[in-house]
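K.L.:
Attaching a predicted model along with its sequence, questions to come.
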Amino acid sequence: RVTPDEIIITRNTSESNNLVSNGLDLKAGDEVIVHADNHPSNLTAWVEKGKRFGFSVVTIEQKNPHPGQEYYVETFTRAITPRTKVLCFTHLSSTVGDLMPAKELCRVARERGVLSLVDGAPSFGLLDVNLADMQPDFYSGSAHKWPCGARECGVLYVNKNVQARLWPSIYSAYPGAVGFSRTFEGFGQRDEATMIAFRAALAFQDKVGRAAIEQRARDLTSLLMAGLSKMPGVKTWTSPAPELRAAIVSFLPGTLDANKLATALYEKDKIGIATRGGQDRPGLRVSPHFYNSPAEVD
């Protein structure tokens, strides 16, 4: 629901996010606010560039379970100072599927003259995203995740009102042909096949319907959450409230070995799920999509 003039075709969300953190003219004394549950390309990237250019990075801690949308709106709002230049968060966390109040956070930033970067990798191709309503300054996504397209193809939305503030990080031949891509998308020789596949994947999803895809994934997620709640010893990290999640469920499978369980599910039923190690809400992560079935959830 935005214009082609505001779209850049990149390699993935990581490149899109870094094009923003590299392209903004930030200096000593400036501040960038990030969420602790951001992907490294929207967290570590800012911290490392802050070391180089002298700006500071303020981190908003993540809370588990999801403390509610108002909590994050109030917390981010309190963190903004006259020195704040950018506010960055992930639309839907890839860790446990916390849905952030994207529209409200973008509004808070806009009203205070702060730029907003929304990492949309976990929501692009899943949710019925309306950027015209959300009004971020930047929104990033990847083709190979929920859109079910090819790898090494992604997207960066740059609001036309802030395009003059973003410097290209790469200067080369073969720029894009429309709008901002004419001056910003000079990335050299591209893999045209991945971009054609990206278009085909999005066209297929359009046939299915964006609202239908989101509803199907949410319904399957609710079935999964309901089933897990009946299993003794299972610790669910994802919020039980439907309005605070979408289609990512993380849980600790009791006393079972998460890695062995994931392998068994794939070998027996071809159900592919991710494992999460370490101390940060470890266990398994399941991401039901529109092609999955209630039987697979059961």
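P.N.:
Nice, thanks for sending it over.
K.L.:
separation between residue 143 and residue 125?
P.N.:
According to C-beta to C-beta, to the nearest Å, residue 143 stands 8 Å off from residue 125. Every C-beta, even on glycine, is put in place using the N, C-alpha and C of the backbone.
K.L.:
With neighbour numbers in mind, choose between those two.
P.N.:
Between residue 143 and residue 125, counted using other C-beta atoms under 10 Å, the more crowded position is residue 143 (28 against 25).
K.L.:
how far away is the more buried one from residue 168?
P.N.:
22 Å.
K.L.:
and residue 247, what pLDDT?
P.N.:
Note on residue 247: pLDDT of 97.
K.L.:
ok, it touching residue 285?
P.N.:
No: Residue 247 is beyond contact range of residue 285, at 11.0 Å (criterion: C-beta atoms under 8 Å).
K.L.:
more neighbours, the two?
P.N.:
residue 247 (28 against 22).
K.L.:
what mean pLDDT does stretch 65-84 have?
P.N.:
98.
K.L.:
tell me which residues of that stretch are tucked away?
P.N.:
66, 69, 72, 73, 76, 80, 84 (16 or more other C-beta atoms under 10 Å).
K.L.:
The nearest residue in space to residue 255 that is not next to it in sequence - how many residues pack around it?
P.N.:
Excluding its sequence neighbours, the residue lying closest to residue 255 (C-beta to C-beta, 6 or more residues apart in numbering) is residue 233, at 6.4 Å. Residue 233: 9 surrounding residues under other C-beta under 10 Å.
K.L.:
thought residue 233 was touching residue 254?
P.N.:
Yes: using C-beta under 8 Å, residue 233 is in contact with residue 254, at 3.1 Å.
K.L.:
residue contacts, residue 205?
P.N.:
125, 147, 148, 213 (C-beta atoms under 8 Å, 6 or more residues apart in numbering).
K.L.:
hang on, the second one in a strand?
P.N.:
No: assignment of residue 147 by DSSP: H, G, I helix; E, B strand; the rest coil gives coil, placing it outside any strand.
K.L.:
Show the pLDDT at it.
P.N.:
The per-residue pLDDT of residue 147 was computed as 98.
K.L.:
First-to-last residue distance for stretch 247-260?
P.N.:
For stretch 247-260, the first-to-last residue distance is 23 Å (C-alpha to C-alpha, to the nearest Å).
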